[in-house]
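model this:
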Amino acid sequence: MSRVFITGMGSISSLGLTVEEQLKRLRSEKTGIGVAKHFKSTYSTSLPFAEIDLSDEELIQLTGFNKKGATRTTLIAMKAFQEAIECSQLKEDELTSFRTAFISSSTVGGMCYTDSLYADANRIGNKSEFFYAYEGSNHLIEIIKHYNLNGYSDVINTACSSSANAIMLGAKLIQSGRVDRAIVGGADCLAKFTVNGFNSLRILNASPCKPFDANREGLTLGEGAAYLVLESDKVYGQKIPLAELVGYGNANDAFHPSATSDDARGPIKAMNLALGVAGIDPEKIDYVNAHGTGTENNDATEFFAFQQVFGNQIPLFSSTKAYTGHTLAAAGALEAMICILSIRNKEIYPNLNFDTPLSPDVVDSIVTKRTDVDQMKYVMSNSFGFGGNGTSLIFSSCI
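Presented below is the predicted three-dimensional model:
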């Protein structure tokens, strides 16, 4: 079975426009959460958001993609995709090969312009320029056309685990011999559609989220895009891989549309499956990038899952959503990128806004300051979505 190496990655988020810019913010412990300047909503002044600090017009200039009807989702996806393939130094024939897959994800997709969507759906006035761009797959289709991609393509929407599942599917396609490489990830931007939906669930915090804190009151929404280039050990050639994807596991507890079961059976199974695929014992994990949304249900059940999987040896962990906000479908890929940065630099980026632990046991393992470590061999990244769909990924150092 082929081994799966990460040879490139690209990302844009509230922390910066490139992977390097985001690394600097992670190291300086500066959050990307603040007051939204470009997202217009009733809640723009009353709720914090993790917004990319560029208008749509500036994103067009940045990407050079000036097609009428291109949505913000497409623009940020295009930016992250461009950086990923440049980082991997993919040649044109490799990019356009039928042996190169492209798997993306999004929850809001082209519906990010909710007012236009409402008007078009109700036939109010003339059709907007976004009339043909509302599908969740629109950003993928535009990238395929722009780069003349010919291989297998797909778009996944399993809520917050979407891009983690895109990464897992890409790895399975490589390991089964169906493709040589896969560009995998996702994109989601702030939209009234999602903000209003989350607000109706009463889980948006009036201040920046506080994962694993006893006084947590909800999550903070963000926007971003991230892609990884996965390549088989048979084709990556002389490239120096950034990391290796060694384990993955997906489970669905089917407990509730927007909550995890108290016994955390889905997260437990996802983590155990990932450890099984990696062929390692739980104590080998050096760090866990937790899903850690800052909601009452998620953090309590995820930490309970840690206790069941790792016993008395819970590895160091943190949630980086206090940096980036919850970027929904993009979260899995964005946090995978952060995990790879941790591996490459042997450092852990902290769980910001942490004051009072939800449990005394949390204190022993949670990282609240940027921390240098002697060893960073195996890192786990958790992404748990609505409907109970949860995915755990394990990355390994190549050094």
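
what's the residue nearest the centre of the chain sitting at in phi/psi?
For the chain, residue 331 is the residue whose C-alpha lies nearest the centre (CA atoms, centre = their mean; 2.1 Å). For residue 331, the backbone dihedrals (degrees, to the nearest 10) come out as phi -60, psi -40.

pretty sure it contacts residue 163?
Yes - with contact defined as CB atoms under 8 Å, residue 331 reaches residue 163; the gap is 6.9 Å. For glycine as for every other residue, the C-beta is placed from the backbone atoms N, C-alpha and C.

what sits in contact with each of the two?
residue 383 (CB atoms under 8 Å, 6 or more residues apart in numbering).

residues in contact with the least confident helix or strand in the chain by mean pLDDT?
The helix or strand of the chain with the poorest confidence is helix 114-121; it has a mean of 86 (mean pLDDT, DSSP states H and E). Applying CB under 8 Å, 6+ apart, the contact partners of helix 114-121 are 111, 124-125, 127-128, 130-131, 134, 191-193, 196.

So which bits of that helix are buried?
114, 116-117, 119-120 (16 or more other CB atoms under 10 Å).

now swap in stretch 190-206 and tell me
Here stretch 190-206 shows 190-195, 198-199, 203-205 as buried, counting by 16+ other CB under 10 Å.

gap between the two ends of that stretch?
16 Å (CA to CA, to the nearest Å).

Domain parsing of the chain, as residue ranges.
4-232, 244-396 (automatic domain parsing).

and of those, who's closest to residue 238?
Minimum separation from residue 238 across those (CB to CB) falls at domain 4-232, 9.9 Å.

And that closest one, end to end?
Domain 4-232: ends 5 Å apart by CA to CA.

With stretch 29-42 instead?
29 Å.

and it, how far from the chain's centre?
Taking CA atoms, centre = their mean, to the nearest Å, one finds the center of stretch 29-42 at 18 Å from the center of the full chain.

same deal with stretch 148-157?
In terms of CA atoms, centre = their mean, the centre of stretch 148-157 is set 18 Å apart from its chain centre.

Now the terminal residues of it, how far apart.
24 Å.

same question for it, mean pLDDT?
Averaged across stretch 148-157, pLDDT comes to 98.

in that stretch, what's buried?
Neighbour count says stretch 148-157 has 149, 151-157 buried, by 16+ other CB under 10 Å.

and if you look at stretch 12-25?
Applying 16+ other CB under 10 Å to stretch 12-25 flags 12-19, 22-23, 25 as buried.
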